[in-house]
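Student: Structure for the following, please:
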Amino acid sequence: MSTDISKDKERCPWCLGFDQYIQYHDEEWGVPVHDDQTHFEFLILEGAQAGLSWATVLKKRENYRELFANFDAKKVAEFDQSKIEELLQNPGIIRNKLKVNATVINAKKFLEVQKEFGSFDKYIWSFVNHNPIINQLKSMKDAPVTSRESDALSKDLKKRGFKFVGSTIIYAHMQACGLVNDHLTSCFRYKQVIDSK
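Tutor: The predicted model follows:
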(Lines give C-alpha, C1' and ligand atoms only; values in the text may rest on other atoms or scores of the structure.)
Protein backbone atom coordinates (compact mmCIF):
# COMPACT_ATOMS: atom_id res chain seq x y z
CA MET A 1 0.00 0.00 0.00
CA SER A 2 1.48 3.33 -0.96
CA THR A 3 0.67 6.63 0.60
CA ASP A 4 1.03 10.21 -0.44
CA ILE A 5 3.74 11.40 1.91
CA SER A 6 3.74 14.90 0.52
CA LYS A 7 4.68 17.49 3.07
CA ASP A 8 1.86 19.89 2.20
CA LYS A 9 -0.75 18.10 4.31
CA GLU A 10 -1.34 19.10 7.92
CA ARG A 11 -0.38 16.14 10.13
CA CYS A 12 0.15 15.33 13.78
CA PRO A 13 3.74 16.51 14.38
CA TRP A 14 4.91 13.30 16.10
CA CYS A 15 5.02 11.38 12.81
CA LEU A 16 7.19 13.71 10.75
CA GLY A 17 10.56 12.05 11.42
CA PHE A 18 10.70 9.63 8.47
CA ASP A 19 8.55 8.32 5.62
CA GLN A 20 7.59 5.01 7.28
CA TYR A 21 6.33 6.96 10.30
CA ILE A 22 4.26 9.27 8.08
CA GLN A 23 2.81 6.26 6.25
CA TYR A 24 1.85 4.60 9.54
CA HIS A 25 0.15 7.82 10.68
CA ASP A 26 -1.65 8.33 7.36
CA GLU A 27 -2.91 4.77 6.91
CA GLU A 28 -3.20 3.02 10.27
CA TRP A 29 -2.99 5.12 13.42
CA GLY A 30 -6.39 5.78 14.91
CA VAL A 31 -8.38 3.69 12.41
CA PRO A 32 -10.83 1.44 14.32
CA VAL A 33 -9.47 -2.13 14.35
CA HIS A 34 -11.82 -5.11 14.62
CA ASP A 35 -9.38 -7.84 13.65
CA ASP A 36 -7.99 -10.00 16.47
CA GLN A 37 -4.67 -10.65 14.74
CA THR A 38 -4.08 -6.90 14.43
CA HIS A 39 -4.97 -6.41 18.10
CA PHE A 40 -2.46 -9.10 19.03
CA GLU A 41 0.18 -7.47 16.82
CA PHE A 42 -0.24 -4.16 18.62
CA LEU A 43 -0.17 -5.84 22.04
CA ILE A 44 3.23 -7.30 21.12
CA LEU A 45 4.56 -4.09 19.57
CA GLU A 46 3.28 -1.74 22.29
CA GLY A 47 4.77 -4.04 24.94
CA ALA A 48 8.08 -4.03 23.08
CA GLN A 49 7.97 -0.24 23.00
CA ALA A 50 7.85 0.15 26.80
CA GLY A 51 10.61 2.61 27.69
CA LEU A 52 11.53 3.18 24.02
CA SER A 53 10.17 5.24 21.15
CA TRP A 54 7.46 4.00 18.78
CA ALA A 55 9.82 4.89 15.90
CA THR A 56 12.31 2.27 17.19
CA VAL A 57 9.61 -0.42 17.18
CA LEU A 58 8.14 0.64 13.84
CA LYS A 59 11.52 0.18 12.16
CA LYS A 60 11.63 -3.41 13.48
CA ARG A 61 7.99 -4.23 12.73
CA GLU A 62 8.67 -6.45 9.71
CA ASN A 63 11.20 -8.45 11.74
CA TYR A 64 8.59 -8.93 14.46
CA ARG A 65 6.07 -10.05 11.86
CA GLU A 66 8.49 -12.67 10.53
CA LEU A 67 9.78 -13.89 13.90
CA PHE A 68 6.44 -13.93 15.72
CA ALA A 69 4.52 -16.11 13.24
CA ASN A 70 2.83 -13.17 11.53
CA PHE A 71 1.29 -12.31 14.91
CA ASP A 72 -0.66 -15.57 15.10
CA ALA A 73 -1.49 -15.87 18.81
CA LYS A 74 -2.00 -19.66 18.63
CA LYS A 75 1.50 -20.16 17.20
CA VAL A 76 3.18 -17.69 19.56
CA ALA A 77 1.48 -19.37 22.55
CA GLU A 78 3.38 -22.55 21.63
CA PHE A 79 6.85 -20.94 21.62
CA ASP A 80 9.04 -22.89 24.04
CA GLN A 81 12.13 -21.84 25.97
CA SER A 82 14.51 -22.76 23.16
CA LYS A 83 12.48 -20.62 20.73
CA ILE A 84 12.60 -17.72 23.20
CA GLU A 85 16.39 -18.11 23.52
CA GLU A 86 16.67 -18.10 19.72
CA LEU A 87 14.61 -14.90 19.52
CA LEU A 88 16.81 -13.24 22.14
CA GLN A 89 19.83 -13.76 19.85
CA ASN A 90 18.15 -11.92 16.96
CA PRO A 91 19.12 -8.24 16.58
CA GLY A 92 16.02 -7.68 14.41
CA ILE A 93 13.86 -7.30 17.52
CA ILE A 94 14.19 -5.64 20.92
CA ARG A 95 16.11 -8.29 22.84
CA ASN A 96 14.64 -7.86 26.26
CA LYS A 97 14.03 -11.18 27.99
CA LEU A 98 11.04 -9.95 30.01
CA LYS A 99 9.38 -8.50 26.91
CA VAL A 100 9.96 -11.60 24.77
CA ASN A 101 8.70 -13.88 27.56
CA ALA A 102 5.68 -11.59 27.91
CA THR A 103 4.69 -12.13 24.27
CA VAL A 104 4.29 -15.87 24.90
CA ILE A 105 2.39 -15.34 28.15
CA ASN A 106 0.18 -12.72 26.48
CA ALA A 107 -0.52 -15.04 23.54
CA LYS A 108 -1.86 -17.67 25.95
CA LYS A 109 -3.95 -15.10 27.81
CA PHE A 110 -5.18 -13.65 24.50
CA LEU A 111 -6.53 -17.10 23.53
CA GLU A 112 -8.30 -17.34 26.90
CA VAL A 113 -10.01 -13.98 26.28
CA GLN A 114 -11.05 -15.10 22.79
CA LYS A 115 -12.57 -18.25 24.26
CA GLU A 116 -14.45 -16.33 26.95
CA PHE A 117 -15.77 -13.45 24.80
CA GLY A 118 -15.84 -14.97 21.30
CA SER A 119 -13.14 -12.54 20.18
CA PHE A 120 -10.56 -10.25 21.73
CA ASP A 121 -12.17 -7.47 19.70
CA LYS A 122 -15.51 -7.79 21.54
CA TYR A 123 -13.67 -7.76 24.84
CA ILE A 124 -11.49 -4.69 24.23
CA TRP A 125 -14.18 -2.56 22.56
CA SER A 126 -16.50 -3.13 25.53
CA PHE A 127 -14.26 -0.76 27.52
CA VAL A 128 -15.33 2.13 25.25
CA ASN A 129 -18.96 0.97 24.87
CA HIS A 130 -18.13 -0.23 21.33
CA ASN A 131 -17.68 3.32 20.04
CA PRO A 132 -14.45 5.25 19.48
CA ILE A 133 -13.73 8.07 21.91
CA ILE A 134 -13.18 11.16 19.79
CA ASN A 135 -10.94 13.66 21.51
CA GLN A 136 -10.60 17.16 20.11
CA LEU A 137 -6.94 17.87 20.62
CA LYS A 138 -5.61 21.22 19.49
CA SER A 139 -1.97 20.47 20.25
CA MET A 140 0.25 17.55 21.22
CA LYS A 141 0.57 18.90 24.75
CA ASP A 142 -3.18 18.31 25.17
CA ALA A 143 -2.81 14.57 24.40
CA PRO A 144 -3.38 12.36 27.43
CA VAL A 145 -1.10 9.38 28.12
CA THR A 146 -3.77 7.45 30.06
CA SER A 147 -7.52 7.66 30.52
CA ARG A 148 -10.21 6.27 32.78
CA GLU A 149 -10.84 3.61 30.12
CA SER A 150 -7.17 2.64 29.73
CA ASP A 151 -6.88 2.41 33.54
CA ALA A 152 -9.85 0.01 33.66
CA LEU A 153 -8.65 -2.07 30.71
CA SER A 154 -5.09 -2.24 32.05
CA LYS A 155 -6.36 -3.34 35.47
CA ASP A 156 -8.51 -6.07 33.92
CA LEU A 157 -5.72 -7.33 31.64
CA LYS A 158 -3.32 -7.52 34.60
CA LYS A 159 -5.93 -9.43 36.60
CA ARG A 160 -6.12 -11.90 33.71
CA GLY A 161 -2.33 -12.38 33.82
CA PHE A 162 -1.19 -10.24 30.85
CA LYS A 163 2.26 -8.61 31.10
CA PHE A 164 3.48 -5.18 29.91
CA VAL A 165 -0.06 -3.83 29.92
CA GLY A 166 0.24 -0.75 32.13
CA SER A 167 -2.26 2.04 31.50
CA THR A 168 0.17 4.09 29.34
CA ILE A 169 0.92 1.10 27.08
CA ILE A 170 -2.77 0.28 26.85
CA TYR A 171 -3.68 3.88 26.05
CA ALA A 172 -1.15 3.76 23.18
CA HIS A 173 -2.84 0.54 22.01
CA MET A 174 -6.23 2.27 22.14
CA GLN A 175 -4.86 5.19 20.09
CA ALA A 176 -3.24 2.89 17.52
CA CYS A 177 -6.32 0.67 17.13
CA GLY A 178 -8.84 3.49 16.93
CA LEU A 179 -10.61 3.01 20.25
CA VAL A 180 -9.52 6.62 20.71
CA ASN A 181 -9.10 9.23 17.97
CA ASP A 182 -6.20 11.39 19.14
CA HIS A 183 -5.35 12.97 15.79
CA LEU A 184 -5.14 16.72 16.25
CA THR A 185 -8.24 18.47 14.94
CA SER A 186 -5.96 20.30 12.49
CA CYS A 187 -4.65 16.97 11.07
CA PHE A 188 -6.12 15.87 7.74
CA ARG A 189 -6.68 12.39 9.21
CA TYR A 190 -8.88 13.57 12.08
CA LYS A 191 -12.11 13.68 10.06
CA GLN A 192 -11.09 10.79 7.77
CA VAL A 193 -10.72 8.52 10.80
CA ILE A 194 -14.11 9.60 12.18
CA ASP A 195 -15.67 8.81 8.79
CA SER A 196 -13.90 5.41 8.62
CA LYS A 197 -15.70 4.17 11.74
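
Student: So what's the residue count around the closest residue to Asp35 other than its chain neighbours?
Tutor: Among residues not flanking Asp35 along the chain, Asp121 sits closest, at 7.1 Å (Cβ to Cβ, 6 or more residues apart in numbering). Any C-beta I mention is one placed from the backbone N, CA and C, and that applies to glycine too. The tally of other residues near Asp121 (other Cβ atoms under 10 Å) stands at 20.

Student: So for the residue most central in space within the chain, what's the pLDDT?
Tutor: Nearest to the mean C-alpha position of the chain, counting by Cα atoms, centre = their mean, stands Phe42 at 3.0 Å. Here, the pLDDT recorded for Phe42 equals 96.

Student: Which stretches in this protein count as helices?
Tutor: Taking DSSP state H, the helices of the chain run over residues 19-27, 36-49, 54-59, 61-67, 73-77, 81-88, 97-117, 120-125, 148-159, 167-176, 188-196.

Student: For those, give me CSV that also has distance to Leu137.
Tutor: Formatted as CSV, those follow (distance: least, Cβ to Cβ, whole Å):
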stretch, distance to Leu137
helix 19-27, 14
helix 36-49, 20
helix 54-59, 17
helix 61-67, 25
helix 73-77, 32
helix 81-88, 37
helix 97-117, 29
helix 120-125, 22
helix 148-159, 16
helix 167-176, 11
helix 188-196, 9
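
Student: Lys9: which of the ones you listed is closest?
Tutor: Closest to Lys9 of the helices of the chain is helix 188-196 (Cβ to Cβ; 4.8 Å).

Student: residues making contact with the closest one?
Tutor: Outside helix 188-196, the residues that touch it by Cβ atoms under 8 Å, 6 or more residues apart in numbering are 9-12, 25-26, 29-32, 132, 134, 178, 181, 183-184.

Student: Likewise for stretch 151-171?
Tutor: Applying Cβ under 8 Å, 6+ apart, the external contacts of stretch 151-171 come out as 43, 46-47, 49-50, 98-99, 101-102, 105-106, 109, 112-113, 124, 127, 144-147, 150, 174, 180.

Student: Restricted to buried residues, select those in ChimeraX.
Tutor: The ChimeraX command for the buried members of those (criterion: 16 or more other Cβ atoms under 10 Å) is given here:
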select :43,46,47,49,50,99,101,102,106,109,113,124,127,146,147,150,174,180
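
Student: that older thread, out of the helices of the chain, flag the one nearest Lys138.
Tutor: Lys138 lies closest to helix 188-196 among the helices of the chain, at 11.0 Å (Cβ to Cβ).

Student: Could you verify my assumption that the residue nearest to the centre of the chain touches Cys177?
Tutor: Yes: if you go by Cβ atoms under 8 Å, Phe42 and Cys177 touch, sitting 5.7 Å apart.

Student: intersection of neighbour lists for these two?
Tutor: Common neighbours of Phe42 and Cys177, counting by Cβ under 8 Å, 6+ apart, are Val33.

Student: For Glu46, give me its contacts.
Tutor: By Cβ under 8 Å, 6+ apart, Glu46 lies in contact with Phe164, Ile169, Ile170, Ala172, His173, Ala176.
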